[in-house]
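Chemist: With the sequence up front, the predicted model follows.
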Amino acid sequence: MAKEKTIFNCSECGGSSPKWLGRCPHCNAWNTLVEGSVDSSPSSRNRFAALAMTAEVSTLAQIQATDVERTPTGQEELDRVLGGGIVPGAVVLIGGDPGIGKSTLLLQTLDALQGRGLNTLYVTGEESGAQIALRARRLGVGESQMGVLAEIQLEKILATIEQRQPAIAVIDSIQTIYSEQLSSAPGSVAQVRECAAHLTRVAKASGTTMVLVGHVTKEGALAGPRVLEHMVDTVLYFEGDTHSSFRLVRANKNRFGAINEIGVFAMTDKGLKGVSNPSAIFLSQHKEPVPGSCVMVTLEGTRPLLVEVQALVDSGGPSPRRLSVGLERDRLAMLLAVLHRHAGVACMDQDVFVNAVGGVRISEPASDLAVMLAISSSLRARPLPRGFIAFGELGLAGEVRPAPRGQERLKEAAKLGFDVAVVPKANAPRKPIEGMTVHAVERVEEALELVRSLS
Ligand code: TYD
Ligand code: MG
């Protein structure tokens, strides 16, 4: 019988220490050591035992490359982010704010898969079976044959999975599960890592697709150890404002598909419904143009999306604030520096707030020009012209750089009735776009000058 001994592992570098220390002795990171266990039986202590047996190596040419088989989930928007459907043995981690719709989406998905004859299992550690049943009834899937297990102990969950052999199992959520092997509380770094590692191993061995629901921190990152994201095959994030009905699901990592696709859903009284034509959902409805608002066209996967960027510049106190929601704050600081240095627009003594409407997160640098124009519009208290859009990346030298697939962006905006655009020179259309005047710019100061002449 193997004897378990406690050691402490660093969640940053993976180094270990026999006792708990405030600082990792290997990488010097603070507060990263977490409890783990080692098998201290004599055989495992003999480091050379493994060498007695050699494993077989095949050449790359000998290995048959087979395409992974995918089962569509029946939710078109989810399939889009997954790269076509669920893959046997794959582990998917899905994160998002509380109440955003993770459980709802997974319940609907399992029901659809069960309806196609797959054996499914929903493990809930957060809600009771009765609560799940109530929600299922509301979603109109109350008569489903899917398996439901209200359990938080890992060993029991693993035994159930082994016995039922489901094609797909959902663990809602990984933070509520605990293993008997560790003494720390559920949700601790050690527990989350250990449970996820066990579940991943079972998924690979049995071919069950494992979907882990993960909590997120206040900053929006997945709570728990960083290794969690490395361990799994696919990481999906739910985005969106819980006050609005639209939700985005974005893949941050996908070993079985592209990562730039997004799925768009609307939360209705009957659960989440896919939105197949989402381009105009992130615009707020102003009757008249208002200062500080600029619409940009971002390209998410294969679909262009129009997003309104809002800025508010207001006189600040001794240490002015820079706050951004849905956009990177460091990027905002950089844009303000470019604006000052190259266009002479100073916001040093001003608070600057920037927000992407609808809870969407924009990571594309092509948003720079729209953010900058929104800031200058707020500062001047002059609205941008009606039907105005802009996109383009700003360089530190004050140049406006092209965005990929500019034509598509312009066409989508024209389709939605936008008729004035400011774009990087290289994105200027060769053939005129019907109903749209396109101004091409090369420099920041040129863009500002142009907008001043338009509004
Ligand atoms: P839920 O799936 O429980 O979120 P998570 O698991 O991410 O925490 O989402 C619940 C929210 O969705 C809750 O605020 C109510 C709302 N909702 C609807 O609007 N319609 C529905 O049909 C359902 C089931 C939930
Ligand atoms: Mg939930």
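Modeler: Received it, and whenever you're ready, just let me know what you need. Given the structure is predicted, the values throughout are model-derived calculations rather than measurements. Ligands and ions are numbered 1, 2, ... in the order given.
Chemist: helices or strands next to the host helix or strand of Glu162 in the packing?
Modeler: Following DSSP states H and E, one finds Glu162 within helix 154-164. Secondary-structure packing of helix 154-164 (3 or more Cβ pairs under 8 Å, 6 or more residues apart in numbering; DSSP states H and E): strand 120-124, strand 147-150, helix 189-206. (Glycine included, C-beta is placed from N, CA and C.)
Chemist: pLDDT of it, averaged?
Modeler: Average pLDDT, helix 154-164: 95.
Chemist: Give the buried residues for it.
Modeler: Residues of helix 154-164 classed as buried by neighbour count (16 or more other Cβ atoms under 10 Å): Leu154, Ile157, Leu158, Thr160, Ile161.
Chemist: Touching, the first one and Ile177? I think so.
Modeler: Yes. Distance between Leu154 and Ile177: 5.3 Å, which falls inside the contact criterion (Cβ atoms under 8 Å).
Chemist: returning to that earlier point: same list, the helices and strands packed on helix 154-164, but as CSV with mean neighbour count, distance to ligand 1 and mean pLDDT please.
Modeler: As requested, these are exported to CSV (neighbours: other Cβ atoms under 10 Å; distance: least, Cβ to the nearest ligand atom, whole Å; pLDDT from 0 to 100):
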stretch, mean neighbour count, distance to ligand 1, mean pLDDT
strand 120-124, 25, 10, 96
strand 147-150, 17, 15, 95
helix 189-206, 21, 17, 93
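Chemist: where exactly do the helices run in the stretch 51-200 of the chain?
Modeler: 76-82, 102-115, 129-138, 154-164, 189-206 (DSSP state H, counting those that start in this stretch).
Chemist: can you dump the C-alpha coordinates of the longest one into CSV?
Modeler: To tie it back to what came earlier, the one meant is helix 189-206. Only the C-alpha atoms of helix 189-206 are listed here, as CSV (Å, rounded to 0.1, in the frame of the first residue of the first chain):
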residue,chain,number,x,y,z
VAL,A,189,-5.7,25.8,-5.5
ALA,A,190,-4.5,22.3,-4.6
GLN,A,191,-8.0,20.8,-4.7
VAL,A,192,-8.9,22.4,-8.0
ARG,A,193,-5.7,21.2,-9.6
GLU,A,194,-5.9,17.7,-8.3
CYS,A,195,-9.6,17.3,-9.2
ALA,A,196,-9.1,18.7,-12.7
ALA,A,197,-6.0,16.4,-13.2
HIS,A,198,-8.0,13.3,-12.2
LEU,A,199,-11.0,14.2,-14.4
THR,A,200,-8.7,14.9,-17.4
ARG,A,201,-7.0,11.6,-17.0
VAL,A,202,-10.4,9.8,-16.9
ALA,A,203,-11.5,11.7,-20.0
LYS,A,204,-8.5,10.7,-21.9
ALA,A,205,-8.7,7.1,-20.8
SER,A,206,-12.5,6.6,-21.3
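Chemist: Start and end of stretch 237-248, how far apart?
Modeler: By Cα to Cα, to the nearest Å, the extent of stretch 237-248 from end to end equals 8 Å.
Chemist: Show residues contacting that stretch.
Modeler: For stretch 237-248, contacts defined as Cβ atoms under 8 Å, 6 or more residues apart in numbering pick out 94-97, 99-102, 105, 216, 220, 249-250, 252, 262-268, 272, 275, 278, 281-282, 358-361.
Chemist: next one: stretch 184-204
Modeler: 9, 11, 34-36, 89-91, 125, 152, 154, 157-158, 161-162, 171, 174-179, 181-182, 208-210, 212, 215, 223-225, 227-228, 231-232.
Chemist: Distance from it to the middle of the chain?
Modeler: 21 Å (Cα atoms, centre = their mean, to the nearest Å).
Chemist: Would you mind giving me the PyMOL syntax to select the buried ones in the contacts of stretch 184-204?
Modeler: In PyMOL, this line selects whichever of the contacts of stretch 184-204 come out buried by 16+ other Cβ under 10 Å:
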select buried, resi 9+11+34+35+36+89+90+91+125+152+154+157+158+161+171+174+175+176+177+178+179+182+208+209+210+212+215+223+224+225+227+228+231+232
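Chemist: Which ones among the contacts of stretch 184-204 map onto strands?
Modeler: Of the positions in the contacts of stretch 184-204, Asn9, Val34, Glu35, Gly36, Val91, Ile171, Thr209, Met210, Leu212 sit in strands, assigned by DSSP state E.
Chemist: longest strand of this structure?
Modeler: strand 303-315.
Chemist: what comes up buried for it?
Modeler: Taking 16+ other Cβ under 10 Å as the criterion, strand 303-315 shows Arg303, Pro304, Leu305, Leu306, Val307, Glu308, Val309, Gln310, Ala311, Leu312, Val313 as buried.
Chemist: now that strand, how far from the chain's geometric center?
Modeler: 20 Å.
Chemist: Packing partners of that strand?
Modeler: strand 293-300, strand 350-356, helix 368-380, helix 406-415.
Chemist: Just want the angle from the helix holding Glu162 to helix 189-206.
Modeler: 10 degrees (axes from the mean of the first three to the mean of the last three Cα atoms, to 10 degrees).
Chemist: what does helix 154-164 rub up against?
Modeler: Contacts for helix 154-164 (Cβ under 8 Å, 6+ apart): 119, 121, 123, 147, 149, 151, 169, 171, 177-180, 194-195, 198-199, 202, 206, 208.
Chemist: now the helices of the stretch 51-200 of the chain in CSV, with distance to Pro18?
Modeler: Output for those, formatted as CSV (distance: least, Cβ to Cβ, whole Å):
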stretch, distance to Pro18
helix 76-82, 42
helix 102-115, 39
helix 129-138, 43
helix 154-164, 25
helix 189-206, 15
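Chemist: closest to Leu373 out of these?
Modeler: Closest of these to Leu373 is helix 76-82, at 30.9 Å (criterion: Cβ to Cβ).
Chemist: mind checking how far the residue nearest the centre of the chain is from Arg250?
Modeler: Centroid check for the chain by Cα atoms, centre = their mean gives Tyr237 as the closest residue, at 3.2 Å. In this view, Tyr237 and Arg250 are 5 Å apart by Cβ to Cβ, to the nearest Å.
Chemist: got it, and Val211?
Modeler: Counting by Cβ to Cβ - Val211 and Arg250 are separated by 16 Å.
Chemist: Which of the two has more residues huddled nearby?
Modeler: Between Val211 and Arg250, Val211 has the larger neighbour count (other Cβ atoms under 10 Å), namely 27 against 22.
Chemist: That one and Ile171 touch, don't they?
Modeler: Yes. Assessed by Cβ under 8 Å, Val211 is found in contact with Ile171 at 7.0 Å.
Chemist: ok, which residues in this structure are in contact with ligand 1?
Modeler: By Cβ under 6 Å from any ligand atom, the part of the chain that sits against ligand 1 consists of 96, 98-104, 135, 138-139, 267, 269-271.
Chemist: Of all the helices of the stretch 51-200 of the chain, which one is nearest Ser293?
Modeler: helix 76-82 (27.9 Å).
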